[in-house]
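[1] Sharing a model prediction with you, sequence too.
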Amino acid sequence: MIKKFVIQICIFLIPVVIGYALVENYTRNLPLTPKIKSDYYKKNKEDIEVLVLGASQNRDAINPEFLSQKTLNIAFPDQDYYVSSRLLEQVGPTLPSLKTVIIPISYGHFETAPNQKDTWKNSMYRHYFGATVSDKFTYFKDNFLYISFPNYYSTKINEHKKGTTKVDCNVYGYNKNIERALFYTHNYDSLTIIKQPIHITPTIPHPEYVSQNVNKLEDILDFCTENKYKIILLETPTTKRFKEQRIPEVLHRKDSVLSMIIAKYNVQHIDANSNNDYNLKDHRDNNHLSTQGAEKFTKLLDKLIN
Amino acid sequence: MLFNSFDFGLFLPIVFILYWIVGSKRIQGQNTVLLIASYFFYGVWDWRFLALILASSLVDFYAGNYISKAKTQQKRRLWLYSSLSWNLGVLFVFKYYNFFLDNLKTLFELPENTFTTLDIIIPVGLSFYTFQTIGYTIDVYRKKIEPTQDILKFLCFVSFFPQLVAGPIERASKLLPQFSKERSFSYDKAKDGLRQLLWGLFKKIVVADNIGVAVFAIYSHPEDYGSITIIYGAFLFLFQLYADFSGYSDIAIGTAKLFGFDLSTNFKLPYLANSVTGFWRRWHITLSKWFQDYVYVPLAQGKALRFFSKPSRKAISLLITMGMIGLWHGANWTYLAFGLLHGVLIVIEGTTITSKGKKIKLHQWLETGVIWSKFYTVTFLVVSLIFFRASSLNKTILMLKEVITQNVAFYDLDLIIGRKIGFLAIMVIAEVWRKKYTHPFMKLEGVFPKVVRWSMYYFLIFAIIRYGRPQEAFIYFQF
């Protein structure tokens, strides 16, 4: 009886397995930015000299097209120091020519909850860059993309099928499409834009997260020092309105940590935020640069690095 | 380990095979497999709490035996109180200690550092398995059951993984004998279990978790929304809670069937009740029965409240019981308020009225099916569940105020869960249509041909994979 039961289940599951395999395969071949970055990474491993880590601010601010050295930008939304350190430890050694590592020092980085749980991006980093960023035991399911966030990937599959994919990447995986960017959708009309709420993280101070985040940043810096990588701590431009909304207490703590880091480590600190001359069209929204802004910023960064 | 995790998808078939193949035809072998599997299942969360569950099991195993062997009533009572002290002590330390001290400080305006609060997490399922073991010891004391002499069976009874972390809270008289019976594989029972498990996963992953996104947004910042949004959020939570918890119970009962066990029914379409009294006969049935037998009846019929008249005694006992049911959910004033609100309504519904010349209880009259009695019950549930879900009493009051005072604008269209509301409709229609059965897929053979049945299963699996969200814990795990 039990044999019959197990066989019936196996027969029943065959279409499920085949169906899932097809969807998974389709997902893996979608021309998403991580895939383009991954292809660039695999083709240029030997020659990449600059590695960009961090969250969406770094992703949008640095377009490797305008840097003299071959650059891999693997900054992704919500990437905290914890994930950045794991990426650096695993991707760094695969890049024999790596000389410079760019790390963000943003307003919210130290007071954001360290992202150690099982987020869907673990599968993305694992599949595209071969890096396990989760602290937990790696399960069989972590090798699959679609199941990690079906809603997201289903939307991407549908867009791809309809030909409405909103990706306009260069070979480095920098997405030039700004159609969904806040300022673009409001036609850069400052009067409308000023009425939009500002999404600023953290909304309330979280001093309890600071020490954990600082420890992780120090892990990154120690790793860079050991491997003789040049370290650049980068503050990307934000709008005047964004700067006004920051909580002084959080800002003060960030500046204190920064002073401590600069005194302790041999780092280059680039502050493009304090006095920025970027206009509305240079921004996607209040704390992200647009394609135009990224070109301007990356060209400046190129001069500062060299 | 969560039922809605990939890990459980691997764990279950392995245990199933080991149980039926390795342990086949030997009760001890099957029980050993179950015990190891259950401890592994529980230890995955935090292995340190295995010691606690083992200690609780041993305390009640020996307490039960000593009660049974004791020659005097005094000794029997001593062993009973020892067991109760341990179980309630553990519950108090892990669940209520910090709450108690915080309120003591507030009440007497004591300085912040007067007491040291404990930096501990509540072991998953503590309230569930503790109540199960308390029930066992009390039943032995009341001579309703004989204590088991087999420690393996008792450890299995306390830790049986399908119902370990969120019930149903089983009685020893029902579950314990099942560990002594020879269990042989039943194709039909296993098939039925698998269908119920699939239905439970659908309710949890597809219905509850997707509704939960909107609920979370509204309850996190109620001040950002208008009246209609808050009412909408409160209604959605009504369904989220049901889909989440009854989904869990379906998975638990279905999983138990795969191993040849029968667990108690925990839900009987509670929102179709016509009175609050009726609701509690259909909602989390094993918990309300537990409180009825071990708290309400001893209070109403015992000596503790003997100075009151019979009706007052009943009312006071009911209020105490419902207050405790509220607090069982967690150490927060919101839960106490939730329980007491229900208690007050049940007391009122217990009053006698005259209808068509006959004297009947108000809830009996309501249950006769007057349309507005359904409206009254659902409206009360929606309001009381705001207490249940909100993080504090202040937030509850804010939400209730906003329902009345805020403008009615539906501010955030993103909160409409769109076509996913269709899944909620599927759940409601299926459960109401098949209300005679414990789950909608039970005995479907005579209703649909195999191709239709399989298509339905495939549809559920598709929905689970496609609309599953990054893993969400079950709401009742926190209790």
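    Good, I have the coordinates. Numbering: from 1, shown residues only, chains lettered A, B, ... in the order given.

[2] Show me the helices in the stretch 101-250 of chain A, by range?
    Using DSSP state H, counting those that start in this stretch, the helices found in the stretch 101-250 of chain A span residues A:121-129, A:150-162, A:182-185, A:190-193, A:210-226, A:240-245, A:248-264.

[3] Going along the chain, name the strands of chain B.
    Here chain B has its strands, by DSSP state E, at B:352-355, B:358-361.

[4] Within its sheet, name the partner strands of the last one and how each one runs.
    Right, strand B:358-361. For strand B:358-361, sheet partners with direction are given as strand B:352-355 (antiparallel), following DSSP bridges.

[5] what is the mean pLDDT for the partner strand?
    Averaged across strand B:352-355, the pLDDT comes to 81.

[6] re the thing from before, turn the strands of chain B into CSV, including distance to B:Phe338 and mean neighbour count.
    Heads up, the C-betas are built off the backbone N, CA and C, glycines and all. Formatted as CSV, these follow (distance: least, Cβ to Cβ, whole Å; neighbours: other Cβ atoms under 10 Å in any protein chain shown):
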stretch, distance to B:Phe338, mean neighbour count
strand B:352-355, 26, 10
strand B:358-361, 23, 12
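
[7] and of the ones you listed, who's closest to B:Tyr136?
    Evaluated with Cβ to Cβ, the strands of chain B place strand B:358-361 nearest to B:Tyr136, the distance being 32.9 Å.

[8] one step back: could you redo the strands of chain B as CSV and give each row distance to A:Ser106?
    Putting these into CSV (distance: least, Cβ to Cβ, whole Å) gives the following:
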stretch, distance to A:Ser106
strand B:352-355, 66
strand B:358-361, 64
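
[9] Tell me which of those lies nearest to A:Ser259.
    strand B:358-361 (73.2 Å).

[10] rewinding a little: okay, the helices of the stretch 101-250 of chain A, which one's buried deepest?
    Of the helices of the stretch 101-250 of chain A, the one with the most neighbours on average (mean count of other Cβ atoms under 10 Å in any protein chain shown) is helix A:121-129, at a mean of 21.

[11] gap between stretch A:194-212 and the chain center?
    18 Å (Cα atoms, centre = their mean, to the nearest Å).

[12] closest to B:Thr334 out of the strands of chain B?
    Comparing the strands of chain B by Cβ to Cβ, strand B:358-361 comes nearest, at 29.2 Å.

[13] ok, and what's touching the closest one?
    B:Glu349, B:Gly350, B:Thr351, B:Thr352, B:Ile353, B:Thr354 (Cβ atoms under 8 Å, 6 or more residues apart in numbering or on different chains).

[14] repeat for stretch A:151-158
    Stretch A:151-158 is contacted by residues A:Val23, A:Tyr26, A:Thr27, A:Leu30, A:Leu32, A:Trp120, A:Leu145, A:Tyr146, A:Thr165, B:Arg466, B:Tyr467, B:Arg469 when judged by Cβ under 8 Å, 6+ apart.

[15] And the worst-scoring helix or strand of chain B on mean pLDDT, what's buried?
    Lowest mean confidence among the helices and strands of chain B (mean pLDDT, DSSP states H and E): helix B:97-107, at a mean of 77. By 16 or more other Cβ atoms under 10 Å in any protein chain shown, the buried positions in helix B:97-107 come out as B:Tyr97, B:Asn98, B:Phe99, B:Leu101, B:Lys105.

[16] can you check stretch B:45-59 too?
    Of the residues in stretch B:45-59, those buried (16+ other Cβ under 10 Å) are B:Trp45, B:Phe49, B:Leu50, B:Leu52, B:Ile53, B:Ser56, B:Ser57, B:Val59.

[17] Tell me where the model's unsure across the stretch 1-150 of chain A.
    Counting by pLDDT under 70, the stretch 1-150 of chain A contains low-confidence ranges at A:115-119, A:135-141.

[18] residue ranges for the strands of it, please.
    Per DSSP state E, counting those that start in this stretch, the stretch 1-150 of chain A carries strands over the ranges A:50-52, A:71-73, A:100-104.

[19] can you redo these as TSV with mean neighbour count and distance to B:Pro222?
    As requested, those are exported to TSV (neighbours: other Cβ atoms under 10 Å in any protein chain shown; distance: least, Cβ to Cβ, whole Å):
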stretch	mean neighbour count	distance to B:Pro222
strand A:50-52	25	40
strand A:71-73	25	40
strand A:100-104	24	34
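
[20] For the residue nearest to the spatial centre of chain A, which non-adjacent residue is closest in space?
    What sits nearest the mean C-alpha location of chain A, by Cα atoms, centre = their mean, is A:Phe76, with 1.4 Å. Excluding the flanking residues, the one nearest A:Phe76 by Cβ to Cβ, 6 or more residues apart in numbering or on different chains is A:Arg59, at 6.1 Å.
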